[in-house]
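Test case, fold it:
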Amino acid sequence: MLKLEDVEAGYGSAQVLFGVSFSVSPGACVSLMGRNGMGKTTTVRTIMGQIKPTGGTITRFGQAKNNMEPFELSRSGIGLVPEGRQIFTNLSVRENLGTFFRPARDGETIWTMDTVLDLFPRLRERLSHGGANLSGGEQQMLAIGRALMTNPRLLILDEATEGLAPIIREQIWDCLAMLKNAGQSILVIDKNINALAKLANHHCILEKGRVVWQGDSTELMANPDLKSRYLGV
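Predicted structure coming up:
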């Protein structure tokens with residue numbers, strides 16, 4: 001689905017990523033962790049073509065192209081749930097979802113308006129409401145539903161549970177577990193180590209733009225030093 005090899009990127013003369021390498025296999029869930037400012041969102045923006053890498057290679061669905069535009073990457077099968085939700089607040093829930101609908105490339109469309117609303121029944125009750133009138137949790141559900149409406153081969157979530165009430169966070173984690181069990185490939189950025197350990201097959205930790213550790217959930221939970229060294233405030 002996705003492979004980064006020695007990727008370097010940044011903003012102008014300010015380099016942020018230094019040789020970042022990891023991959024997401026078909027049907028797998030991979031987490032990207034690290035303190036704030038360590039390069040997680042820059043990594044996502046580079047994957048999505050918003051930032052052009054200055055070194056290394058990004059292979060998406062078997063194609064190693066570093067110059068693809070964001071709209072091309074979206075059409076190729078990457079669905080993004082961006083940090084801060086970024087829904088269209090002047091559009092209704094129905095319009096937010098409908099605007100993003102795209103059939104799957106293989107013709108086997110899984111996600112439609114109805115299937116997304118079955119996943120998030122709360123949105124069904126809010127179909128005519130404007131995005132600005134939704135709670136934070138409802139906006140996050142809408143952001144995830146909007147990404148699913150593109151029928152992505154790879155789903156990327158950047159801080160999908162940040163700032164949400166505990167009960168809403170649990171609903172989001174349950175949703176992601178269901179997607180993973182259905183075979184959805186996922187790259188997730190979050191700070192909840194326990195939830196990520198239950199969900200993801202593989203974990204990567206970034207420190208100052210470098211991957212400083214990779215491993216599975218058993219290794220992650222067996223090494224408490226990782227949290228204090230790289231993930232604590």
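
drop to CA atoms for contacts and neighbour counts, all remaining ones
Noted.

any chance you could map the helices in this protein?
40-47, 70-76, 93-99, 113-119, 121-124, 136-148, 166-181, 193-199, 217-221, 225-226 (DSSP state H).

Lowest mean pLDDT across those helices, which one is that?
For the helices of the chain, mean pLDDT drops lowest on helix 225-226, to a mean of 86.

So which elements touch that helix?
If you count contacts as 3 or more Cα pairs under 8 Å, 6 or more residues apart in numbering; DSSP states H and E, helix 225-226 packs onto no helix or strand.

per the record, what domains does the protein have?
Segmentation of the chain into domains, based on automatic domain parsing, reads 1-77+154-159+184-233, 81-152.

Am I right that I186 is in contact with C29?
Yes - the pair I186 and C29 passes the contact test of Cα atoms under 8 Å, sitting 4.5 Å apart.

what do those two both touch?
K180 (Cα atoms under 8 Å, 6 or more residues apart in numbering).

R105: neighbour count?
The local packing of R105 (other Cα atoms under 10 Å) involves 14 other residues.

how much space between it and T42?
27 Å (Cα to Cα, to the nearest Å).

and what of P82?
Per Cα to Cα, P82 is found 12 Å from T42.

G34 now?
Per Cα to Cα, G34 is found 12 Å from T42.

now do L32
The gap separating L32 from T42 is 12 Å, by Cα to Cα.

Of the two, which one has the most company?
Between L32 and T42, L32 has the larger neighbour count (other Cα under 10 Å), namely 25 against 19.

In this structure the more buried one contacts L187, no?
Yes - using Cα under 8 Å, L32 is in contact with L187, at 7.3 Å.

Can you give me the neighbour number for the spatially closest residue to M141 that is not a sequence neighbour?
With Cα to Cα, 6 or more residues apart in numbering as the criterion, M141 has its nearest non-adjacent residue at 6.8 Å, and that residue is F120. Other residues near F120 come to 19 when the count uses other Cα under 10 Å.

Also the one 5 residues further on?
When neighbours are counted by other Cα under 10 Å, E125 registers 11.

What pLDDT is listed against it?
On pLDDT, E125 comes in at 93.

now swap in N192 and tell me
90.

now swap in M1 and tell me
Per-residue confidence (pLDDT) for M1: 92.

Hmm, it is touching G62, no?
Yes - M1 lies in contact with G62 (Cα under 8 Å); the separation is 7.2 Å.

okay, those two: which has more neighbours?
Each of M1 and G62 has its neighbours counted (other Cα under 10 Å); M1 has more, 19 against 10.
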